[in-house]
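Enquirer: coords please:
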Amino acid sequence: MTVFVVSTVDFPEGGAESAHVHLMVKGLRENGERAFLLIPHGQGVGRRRRAPHAKGTFQGTPFLHVNGRRIRPSNRILRFLQNYGCFMRTARLVSRRIRRKRLDAVILYNPDTLKCLPLILCCIMKGCPLFIWAVEKMTLEHGLLGLQRLMRRTGFWLSENWLPRFSAGAIVISTLLERHYGRILPGERIHLSPIMVNPRSPTAFGVRTGETGIGPGLSPGPSAVYSGSFAEKDGVPVILRAFAMTASRFPHLRLFLTGAAPRRVLRRLETQIDRLHLRTRVTTLGFLSRDDLSRLQQQASVLLLCRRNSAFARHGLAWKLGEYALTGRPILATRVGDIDLYFKDREHLCLVSPDDPAAIAAGLRRILVSPVEAAAMGRRARKRAVSLFHYLPITRGIAEFLRRTTQTRA
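Expert: As a prediction, this is how the structure comes out:
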């Protein structure tokens, strides 16, 4: 069957979202389906960085940027108009494929119904099966204030409560999302699909090359590394408090924070770092090249995944869990969401209570004082991740779900 995966990502040089849509399309194709990545627009706003090619194939994933090479404008009104223009063009492209009977299904990743409405209406009116791919419950995200964010919240609410009634099915990442969509859709139209990993490509996928780098000798000695966003759910302030409790016992231990964050968030973190007297021990690196991030993670004494115990975090499953596990390095994680369905404490990783700096500090000490045991734990985590999250079996299950569901509807 022919499938379009539609997502607004910076591909191929985007973050974790790009990694997963890449593996979705790549896996579907390697399982015999004709899958393509369709990108209405990227996420770059007003930045004069290298724009992606309009179309091509990246590591087995054919893609098309409907918006061509342009960066989205900084002006919100112009960006709003461009968004709708991109989705109108996407809807026209999909409509032509449906009319020529060259499209069997559309997978819409984490949709905002108001933004995606032209494409959604096209699929409904033309009778093309539309599948929701949900990895978060976006209405639970904190900080959605103001008119623009109110519209986003409305769009996400419609996606979570209205759109499923018109969709062929839902692909969800967690049991809580499965439960949510199960109140709207019958169970056979919901497919639980956790994170995906590609063991043949163990380096981190999701960073933009050339923006920031780590210099030679920046990360010698023991180090703790956090990679990802700096959103409320990720618990970076809690990590800093836990590190402060540990720093005096391990005077050579350093903490590296990598990933993107708004300036206001970085300012708050810098203030907290100064207040905790950690200026010489904590380094914020921003985006790293894939090679630099991989090298930093491979050298780490411990990789940190300390999500908060919030409803938003519990409805997801951190993609960086798979990225971390592939390194074979020890992982310290908080017990949030479905993580303990896949990994066991002290066997695959160190699991601690969320929102508890003392528990996180104790977990850090446990890993640092037992490096041999921690290394063995990291190797077992890698083996576990490959057995549970390998993209080929997971996308094989998704392909079977798409076929079964579309045939039932027909």
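
Enquirer: and V265, what's its pLDDT?
Expert: Listed pLDDT for V265 reads 88.

Enquirer: does it count as helix, strand or coil?
Expert: helix (DSSP: H, G, I helix; E, B strand; the rest coil).

Enquirer: what's around the residue nearest to it when sequence neighbours are not counted, how many residues?
Expert: Ranked by C-beta to C-beta, 6 or more residues apart in numbering and with sequence neighbours excluded, the top spatial neighbour of V265 is F230, at 5.1 Å. No exception for glycine: its C-beta is placed from N, CA and C like everyone else's. By other C-beta atoms under 10 Å, the residues close to F230 number 19.

Enquirer: so how far is L255 from F230?
Expert: 14 Å (C-beta to C-beta, to the nearest Å).

Enquirer: any idea how far S223 lies from P330?
Expert: Taking C-beta to C-beta, one finds S223 at 12 Å from P330.

Enquirer: ditto for S193
Expert: Per C-beta to C-beta, S193 is found 27 Å from P330.

Enquirer: of those two, who's got more company?
Expert: Set S193 next to P330 and count neighbours by other C-beta under 10 Å: P330 wins out with 29 against 20.

Enquirer: so what's the more buried one up against?
Expert: S301, V302, L303, L349, C350, I367, A374, A375, M377, G378 (C-beta atoms under 8 Å, 6 or more residues apart in numbering).

Enquirer: could you pull up phi and psi at the nearest residue in space to the first one that is not next to it in sequence?
Expert: If I follow you right, that is S301. Excluding its sequence neighbours, the residue lying closest to S301 (C-beta to C-beta, 6+ apart) is P222, at 4.4 Å. For P222, the backbone dihedrals (degrees, to the nearest 10) come out as phi -70, psi 140.

Enquirer: swap in V172?
Expert: phi -120, psi 150.

Enquirer: same check on L257?
Expert: Torsion angles, degrees, to the nearest 10, at L257: phi -110, psi 120.

Enquirer: please name the bridge partners of it.
Expert: Beta-bridge pairing for L257 (DSSP bridges): Y226, T284.

Enquirer: wait, doesn't it sit right on V282?
Expert: Yes - using C-beta atoms under 8 Å, L257 makes contact with V282 at a distance of 6.9 Å.

Enquirer: how does the chain divide into domains?
Expert: Split into domains by automatic domain parsing, the chain comes to 2-196+390-409, 223-388.

Enquirer: most widely separated two among the contacts of P330?
Expert: Across the contacts of P330, the longest distance by C-beta to C-beta is 13.7 Å; it joins S301 and L349.

Enquirer: higher neighbour count, these two?
Expert: Using other C-beta under 10 Å as the criterion, S301 and L349 rank with L349 on top: 30 against 20.

Enquirer: for the residue lying closest to that one once chain neighbours are set aside, give me its contacts.
Expert: Take L349 and drop its neighbours on the chain: the residue closest to it by C-beta to C-beta, 6+ apart is I331, 4.0 Å away. When contacts are counted by C-beta under 8 Å, 6+ apart, I331 touches 302-305, 321, 324-325, 348-350, 377-378, 381.

Enquirer: let's go with 7 Å and repeat that
Expert: Counting by C-beta atoms under 7 Å, 6 or more residues apart in numbering, I331 makes contact with L303, L305, Y324, A325, L349, C350, G378, A381.

Enquirer: so who does the fifth one touch?
Expert: In this case it means L349. Applying C-beta under 7 Å, 6+ apart to L349 gives the contacts I331, A333, F343, M377, A381.

Enquirer: and for the first one?
Expert: With contacts defined as C-beta under 7 Å, 6+ apart, the neighbours of L303 are V225, Q297, Y324, T327, R329, P330, I331.

Enquirer: which strand or helix spans it?
Expert: In this assignment (DSSP states H and E), L303 forms part of strand 302-305.

Enquirer: for the next helix or strand after that strand, what is the average pLDDT?
Expert: Later in the chain than strand 302-305, the nearest helix or strand by DSSP H and E is helix 311-314. Averaged across helix 311-314, pLDDT comes to 94.

Enquirer: and the helix or strand following helix 311-314, how far from the chain's centre?
Expert: Sequence-wise, the next helix or strand downstream of helix 311-314 (DSSP H and E) is helix 320-327. Centroid separation for helix 320-327 versus its chain: 12 Å, with C-alpha atoms, centre = their mean, to the nearest Å.

Enquirer: go on, stretch 236-250?
Expert: With C-alpha atoms, centre = their mean, you get 26 Å for stretch 236-250.

Enquirer: and the strand holding L303, which strands flank it?
Expert: Applying DSSP bridges, one finds strand 302-305 paired with strand 223-227 (parallel), strand 331-334 (parallel).

Enquirer: in CSV, list those along with distance to N198 and mean pLDDT.
Expert: Shown next, in CSV, are the strands paired with strand 302-305 (distance: least, C-beta to C-beta, whole Å; pLDDT from 0 to 100):
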stretch, distance to N198, mean pLDDT
strand 223-227, 17, 94
strand 331-334, 18, 97
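
Enquirer: go through these and pick out the most buried.
Expert: strand 331-334 (a mean of 26; mean count of other C-beta atoms under 10 Å).

Enquirer: dump that strand to CSV, keeping only the CA atoms.
Expert: C-alpha atoms of strand 331-334 as CSV (Å, rounded to 0.1, in the frame of the first residue of the first chain):
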residue,chain,number,x,y,z
ILE,A,331,21.3,5.5,32.4
LEU,A,332,19.6,7.2,35.4
ALA,A,333,15.9,7.7,34.8
THR,A,334,12.8,8.7,36.9
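
Enquirer: for the next helix-or-strand element following it, buried residues please.
Expert: Once the chain leaves strand 331-334, the next helix or strand it forms, by DSSP H and E, is helix 339-342. For helix 339-342, the neighbour count (16 or more other C-beta atoms under 10 Å) marks I339, Y342 as buried.

Enquirer: which secondary structure elements does the helix or strand just after helix 339-342 contact?
Expert: Moving toward the C-terminus from helix 339-342, the next helix or strand (DSSP H and E) is strand 350-352. On a contact count with 3 or more C-beta pairs under 7 Å, 6 or more residues apart in numbering; DSSP states H and E, strand 350-352 meets strand 331-334, helix 357-369.

Enquirer: in the last one, which residues are buried?
Expert: By neighbour count with 16+ other C-beta under 10 Å, helix 357-369 contains the buried residues P357, A359, I360, A361, A362, G363, L364, R366, I367, L368.
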